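**Student:** Give me coordinates for this.
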Amino acid sequence: MYRLLPLCFLSCLSIAAPAAAQTSHDEALWVNGTVMGRIEGSVVFFAEVQPRIGDGVSRLSQLLLRPAVGVELSKAVTLYQGYARVIDPVENGPDLREDRLFQQLTWNVGKIGRLEVQSRTRLEERWRSDGDGMSLRARQMMRFEYPLAAGVKRVAALGSVEGFVGFKSAEWGGVTGFDQVRTFVGLEIPLPGTSTIEAGYLNQTRDASGSRVSMVHAAALTLFVRL
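**Tutor:** Numbering: from 1, shown residues only. Predicted coordinates:
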């Protein structure tokens, strides 16, 4: 029996090796600038611009512009309606353009000891310039924040995981079923007022054509300006 163990180990390696070879990797820099504040009463807003530099941090691979208006249903829950314009630059041809409508529910779940937990649920209706039809996708993110010092203005450790699931594809693409998962680890650093910077590592793992997996390793930097 023990003589079979090396053979089993080699067999497992031979099976795993092709799967590993089907995963493509890219290094990127994702930068996000977000302004948020109150319009009047319980009506709030946010607006963000997010350039993503990919292909080994060599060129602009995507640009997102995403504003939204929301209503605070309680101190912990806010419901948003938003729009996003997504631009994918193409070297030899017209840029790909995507229009999204999205609905978002943000819930400050509460604390587990000193650990702060937040949930963000988003539903996206997507149209793209290179084909007809609407693609429908849901996103669920759980965010965890742990203060590393006492007080309101303190450095905190951050972690988040977000899963993407497609409900409807379109002529231009989109998926049904699992789309991608994003994980983030980093730090939240306070700025004057209530603004903050978040910096860390983001991993994006998604399905690609031909039973392949595409993985992005991104340095992520986000500025939140709270008015």
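**Student:** beta partners of the residue nearest in space to the middle of the chain?
**Tutor:** Of all residues in the chain, the one closest to the mean position by C-alpha atoms, centre = their mean is Arg182, 5.7 Å from it. Beta-bridge pairing for Arg182 (DSSP bridges): Glu162, Gln204.
**Student:** Return the distance of it relative to Ile53.
**Tutor:** Arg182 sits 17 Å away from Ile53, going by C-beta to C-beta, to the nearest Å. From N, CA and C alone the C-beta is placed, and that goes for glycine too.
**Student:** Could you do Pro192 as well?
**Tutor:** Counting by C-beta to C-beta, the gap from Pro192 to Ile53 is 28 Å.
**Student:** between the two, which one's more packed in?
**Tutor:** Ile53 (18 against 6; other C-beta atoms under 10 Å).
**Student:** can you give me the helices in this structure?
**Tutor:** 4-21 (DSSP state H).
**Student:** could you pull out the strands for it?
**Tutor:** Listed in chain order, the strands of the chain (DSSP state E) span residues 23-40, 43-54, 59-72, 77-88, 96-112, 115-128, 135-147, 156-168, 177-190, 196-208, 212-226.
**Student:** So, low pLDDT: which residues of the chain?
**Tutor:** 1-21, 209-211 (pLDDT under 70).
**Student:** Repeat the analysis, applying 80 as the threshold.
**Tutor:** Residue ranges of the chain with pLDDT under 80: 1-21, 208-211.
**Student:** got a list of what Gln103 touches?
**Tutor:** 79-82, 122-123 (C-beta atoms under 8 Å, 6 or more residues apart in numbering).
**Student:** and of those residues, the nearest to Glu145?
**Tutor:** Distance to Glu145, by C-beta to C-beta, is smallest for Arg122 among the contacts of Gln103, at 19.2 Å.
**Student:** ok, the residue nearest to the centre of the chain - contacts?
**Tutor:** 141, 160-162, 164, 202-205.
**Student:** Kindly report the same for Gly131.
**Tutor:** Gly131 makes contact with 170-173, according to C-beta under 8 Å, 6+ apart.
**Student:** can you tell me how far it sits from Gly174?
**Tutor:** Applying C-beta to C-beta to Gly131 and Gly174 gives a distance of 10 Å.
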